[in-house]
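Participant: only the shape, not the letters, is given here:
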C-alpha cells in the first residue's frame, strides 16, 4: 500500500508539472494576442497588461524550474518520465522567451502610437505572420497536452511560412525606406516587431520538437526532420 501511495503521489506530481506548464502556455498565448492587438489598435491598457503579465510569466518560470528540480532530486525519474520533465524545463524557457518577445512588441507599439503613427506600412503582412505564429504556439501547446508527435511534426514545418513572410515584409519595407526616407523610423519599428513575431514562431517550433522528443525519445533538433526537405503526410 505504501508503494502504491508513493507511486500515486509521483504520478500526481508529474501531472501537476505538465498542467502548470500548459497554464503558463495559456498565459503566454494571451500575452501574444494582446501584444498584436496593442500594435493594431493602439490601446494603452493592453500594452500595459502585456508588460505586467511578463512579470507573471517570469515568476512561473522560476516556480516550474523549482518543481522540476524537486521531482528529479526526489523521484529520480527514468525513461518517458525523465523525458517529460526534461522537455517541460526546456518548454518553460521557450515560453518565457515568447513572453519577452510579446512584451517587446507591446513596448514598440506604445512608442509608435505615442508618436502619432496610426496607419502603419506593412501592417497586413505583420498580421499574417502573427496569425501563423499564434497558430503554431496554440497547436504546439495542444500537441504537448496530448503528446502528439504527428501533430508536432506538422507544426515544425510551418516555421518556413513565417520565415517567408518576414523576408517578404523586409523587402517591402526596404523599398519604402529607399523611396521615402521619412518612413525609415516607422519601417524599422515594424521590422523589429516582425522579427519578434518570427522568433515567437521559432520558439513554438522548439516546443513542437520537444513534443516529438517526449513521444518518440528522438531529438530532432538540427536534424533533417526539422528542415525544409521534411515532407510528412
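Facilitator: Ah, there it is. Because the structure is predicted, anything quoted here is derived from the model rather than measured.

Participant: for this protein, what spans make up the helices?
Facilitator: Taking DSSP state H as the test, the helices found in the chain are 2-41, 44-75, 79-114, 123-146, 149-179, 184-216.

Participant: quick one: the shortest one to helix 149-179, angle?
Facilitator: Orientation check (axes from the mean of the first three to the mean of the last three Cα atoms, to 10 degrees): helix 123-146 against helix 149-179 gives 160 degrees.

Participant: show me which positions of helix 123-146 end up buried.
Facilitator: By 16 or more other Cβ atoms under 10 Å, the buried positions in helix 123-146 come out as 125-126, 128-130, 132-134, 136-144. Bear in mind the C-beta positions are built from the backbone N, C-alpha and C, glycine included.

Participant: kindly report the same for the second one.
Facilitator: Within helix 44-75, the residues that qualify as buried by neighbour count (16+ other Cβ under 10 Å) are 46-47, 49-51, 53-54, 57, 60-61, 64, 67-68, 71, 75.

Participant: quick one: list the elements packing against that helix.
Facilitator: helix 2-41, helix 79-114 (3 or more Cβ pairs under 8 Å, 6 or more residues apart in numbering; DSSP states H and E).

Participant: show me what the shortest one is packed up against.
Facilitator: In other words, helix 79-114. helix 2-41, helix 44-75, helix 123-146, helix 184-216.

Participant: so for residue 82, which of these sits nearest?
Facilitator: helix 44-75 (7.9 Å; Cβ to Cβ).

Participant: related to what we said a few turns ago, most tightly packed of the helices of the chain?
Facilitator: Most buried of those, by mean neighbour count (mean count of other Cβ atoms under 10 Å): helix 184-216, with a mean of 22.

Participant: what about that one, average pLDDT?
Facilitator: Per-region confidence: helix 184-216 scores 92 on mean pLDDT.

Participant: mind checking how far it is from the chain centre?
Facilitator: Relative to the centre of its chain, helix 184-216 is centred 6 Å away, using Cα atoms, centre = their mean, to the nearest Å.

Participant: same deal with stretch 157-165?
Facilitator: Using Cα atoms, centre = their mean, the offset of stretch 157-165 from its chain centre is 14 Å.

Participant: again, but for stretch 84-103
Facilitator: 7 Å.

Participant: what does it contact?
Facilitator: 14, 17-18, 21, 24-25, 27-28, 31-32, 34-35, 50-51, 53-54, 57-58, 60-61, 64-65, 68, 71-72, 77, 137, 144, 196-197, 199-200, 203-204, 206-207, 210-211, 213-214 (Cβ atoms under 8 Å, 6 or more residues apart in numbering).
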